[in-house]
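[1] The sequence and its predicted three-dimensional model are supplied below.
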Amino acid sequence: MIVLLILLFAGIILFEVPGLVKKKMWRELAAFLAYLLIGMALSIPQVLGVKLPNPTKAIEALIKPISELLK
Amino acid sequence: MLEQGKIDSKQAIMLMLSTILPTAILTVPAVTAKSARQDSWMSIMIATTVGLLIARLVVVLGLRFPGKTLFEYAEEILGKVPGKIVGLLYIWLFFLYIGSGVIREYGVFMVTAIMPDTPIIVFHIVGVAVVAYMVRNGLEVLSRFNQLTIPTTGLLAIVFILSTKDMKLARLLPVFDAGPLPIVKGSVAPAMWLGEIVTFAMIIPYLIRPREAHRVATLSILLCSFFLTMSILEALLIFGPNVTGHWIFPAFNAVRVVSIANFLERLESVIMVIFMLGGFVKLGVFYYAAVLGSAQWLGLKDYRPLVLPVGVILVALSIPLWGENIVEVLHFIGQVYAPFALIVLEVGIPLLLLIVSLTKGKGGESDA
C-alpha cells in the first residue's frame, strides 16, 4: 500500500515537473510542490494507520450551541 | 486571466443545477424529515427563500467587480492580509471540505447501496481521477460534459409520476403539526445546500453575458428547490415521515418501490445515474473552484499544475474529515457542517464583503 502511494506521488511528479521546468515556471513549481507535500502529509499517515486529528470535531465544538438547538 | 474559456447563461444554469442537486436529493430528505416530519416541504420553502437571498448577495457582489472572482475581490475589498485569510477559509473550509464530502457521500452511497464488498477508497480514487481530467481541461469542458449528462435529472420527474400510484396524500396530514420551530430546524440543511450557489462567485467572471447572472442564479435556485421538493415529497408520500426520517437514502428507497405491470421495476438505477453523473460534475465544480482559487490566491499564471496535488488532498481528506461510518457522515453533514457553512461561509462572509465594499465605496456601481 505504502509502495503504491509513493509510486503514485512519483508518477504525479514525473507528469508535471518536466513541463514546468522547461517553461521556467518556478512559482508554479513551488506551489505544486507545496500542495503535493500537504497531500503527502495527509495521506501517508493514514496508510500507516496513524490517526489524524479531525478538524470537523473542532467545528463541532465551535458551533455546539447551535447544533444543540438543531437536535 | 487564468481561465480562457467562457460559458453562456444556459450552461451556467445547468452547471449550478449540478452543483447543488446531486447530493441534495440523496442526503437532504432524511435530515429534513427527521425534524420537520410531514411538514418538510415547508422547510424547503424557507430554505428556498434563504437560497434566493444568498444568490442575490453573491451576484450583487460579483457584478460590482466585473471580471474578478471571489478570491480577487476579497483582497481588493478587505486589503491584502484579511483578504488572503478569507481566501484561505474558502479554499480549505468550503471548496475542499465540500469536495471531499461529495467524494465521501459518493463512496458511502456506492458501498452501502450498491457494491458492499468493494473497499470505499477504490471509488474515491477512481472518481477523483476522472474528475481531475475534466478539471484540467477547464471550465468549458466541465460545462459541456454537464450539458451532456444533465437531461438525466429530468428522469426524476418521470420517476415521480410513475410512483404516484403508491402515494397517499393523507401522509402529509396533519399539516403544521409540530409548530414552527422544527420546520426552521429542518430548513438548515437544505438552505446550506441551496447556499452552495456561493460557488457561482467563481464562475460569474467567465459568463459570456455577466448581466444575466441574476437570472441564472435565481433560476438555478428555483429549479433545484423544485427537484428537491419533488424528491422529499416522493419519499414522504410513499413512506410517511417516520420511515423517511430513519432511512439513510429515502429518495433512493422510494424509487425502489415503483413497479408498473411487473415490468417497469428497479428504477433506482435512475437515481444512481443522476447521482453518479451529477456527483462527478458537482465534485468537478468544487475541485475546479479549489484549484482556480488556490492559483489566484498564490498569484500563479496557470492553475493546471495544481490539479493533481489538490486531487491527492481531496482523497486524503475524504476519509478522516467525515468520520468513521455512515451515521457519523450524516451527522457531520447535517448537524455540524451545514449550520457552520451556512452561517459563516455562505451568509456571513459574503455579507461582510458587501457591507465593507459599500462603505468603502469600492467596486463599480452594480447594475442590478
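    Sure, I can see it.
[2] Quick one: low-confidence residue ranges for chain A.
    A:67, A:70-71 (pLDDT under 70).
[3] where do the helices sit along it?
    A:2-22, A:26-47, A:55-62, A:64-70 (DSSP state H).
[4] buried residues in the third one?
    Buried positions in helix A:55-62, judged by neighbour count with 16 or more other CB atoms under 10 Å in any protein chain shown: A:Thr56, A:Ile59, A:Glu60. For the C-beta atoms, the positions are set from N, CA and C on the backbone; glycine is no exception.
[5] and the gap between the nearest residue to the last one once chain neighbours are set aside and A:Ile66?
    Closest residue to A:Glu60 apart from its sequence neighbours, by CB to CB, 6 or more residues apart in numbering or on different chains: B:Val336 at 4.7 Å. Using CB to CB, to the nearest Å, we find B:Val336 at a distance of 9 Å from A:Ile66.
[6] and what of B:Ala295?
    Counting by CB to CB - B:Ala295 and A:Ile66 are separated by 34 Å.
[7] Among those two, which residue is more densely surrounded?
    Counted by other CB atoms under 10 Å in any protein chain shown, B:Ala295 and A:Ile66 do not tie: B:Ala295 has more neighbours, with 23 against 15.
[8] buried residues in the host helix or strand of that one?
    Secondary structure from DSSP states H and E places B:Ala295 in helix B:268-298. By neighbour count with 16+ other CB under 10 Å, helix B:268-298 contains the buried residues B:268, B:270-272, B:274-298.
[9] same deal with stretch B:202-216?
    B:Met202, B:Ile203, B:Ile204, B:Pro205, B:Tyr206, B:Leu207, B:Pro210, B:Glu212, B:Ala213, B:His214, B:Val216.
[10] can you give me how far it is from the chain middle?
    Distance of stretch B:202-216 from the chain centroid (CA atoms, centre = their mean, to the nearest Å) equals 18 Å.
[11] Over to stretch A:40-50?
    10 Å.
[12] ok, residues contacting that stretch?
    A:Met1, A:Ile2, A:Leu5, A:Phe9, A:Leu52, B:Val312, B:Ile313, B:Val315, B:Ala316, B:Leu317, B:Ile319, B:Pro320 (CB atoms under 8 Å, 6 or more residues apart in numbering or on different chains).
[13] low-scoring pLDDT stretches of chain B, where are they?
    B:1, B:363-368.
[14] residue ranges of the strands in it, please?
    B:259-260, B:264-265 (DSSP state E).
[15] Reformat these into a markdown table and put distance to B:Thr149 and mean neighbour count next to each item.
    Below are the strands of chain B laid out as a markdown table (distance: least, CB to CB, whole Å; neighbours: other CB atoms under 10 Å in any protein chain shown):
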| stretch | distance to B:Thr149 | mean neighbour count |
| --- | --- | --- |
| strand B:259-260 | 25 | 13 |
| strand B:264-265 | 23 | 11 |
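[16] so which of the ones you listed gets nearest chain A?
    Across the strands of chain B, chain A has its closest neighbour in strand B:259-260 (36.8 Å, CB to the nearest CB).
[17] Check the gap between B:Ile98 and chain A for me.
    12 Å (CB to the nearest CB, to the nearest Å).
[18] Go ahead and confirm that residue touches B:Glu196.
    Yes. Counting by CB atoms under 8 Å, B:Ile98 touches B:Glu196, with 6.9 Å between them.
[19] residues from chain A in reach of chain B?
    A:8-9, A:12, A:15-16, A:20, A:25, A:27-29, A:31-32, A:35-36, A:38-40, A:42-43, A:46, A:51-52, A:54-56, A:59-60, A:62-63, A:66-67, A:69-71 (CB under 8 Å from any CB of the partner chain).
[20] among these, which ones are buried?
    Buried among those (16+ other CB under 10 Å): A:8-9, A:12, A:16, A:20, A:25, A:28-29, A:31-32, A:35-36, A:38-40, A:42-43, A:46, A:54, A:56, A:59-60, A:63, A:67, A:70.
[21] Contacts only, for B:Lys362.
    With CB under 8 Å, 6+ apart, B:Lys362 has these contacts: B:Arg64, B:Glu76, B:Ile77, B:Val356.
[22] Of the residues you listed, grab the buried ones for PyMOL.
    In PyMOL, a selection of the buried entries from the contacts of B:Lys362 looks like this (16+ other CB under 10 Å):
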select buried, chain B and resi 64+76+77
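[23] Nearest to B:Ile161 among the contacts of B:Lys362?
    Comparing those against B:Ile161 with CB to CB places B:Arg64 closest, at 43.3 Å.
[24] Identify each buried residue in stretch B:71-86, please.
    B:Phe71, B:Glu72, B:Tyr73, B:Ala74, B:Glu75, B:Glu76, B:Ile77, B:Leu78, B:Gly83, B:Lys84, B:Val86.
[25] now, which of those lie within helices?
    Short answer: those in helices (DSSP H) are B:Phe71, B:Glu72, B:Tyr73, B:Ala74, B:Glu75, B:Glu76, B:Ile77, B:Leu78, B:Gly83, B:Lys84, B:Val86.
[26] What residues does the last one make contact with?
    Put plainly, it is B:Val86. Counting by CB under 8 Å, 6+ apart, B:Val86 has contacts B:Ala74, B:Leu78, B:Ile349, B:Leu353.
[27] what's near enough to touch the third one?
    I take that to be B:Ile349. So B:Ile349 contacts B:Val86, B:Leu89, B:Tyr90 (CB under 8 Å, 6+ apart).
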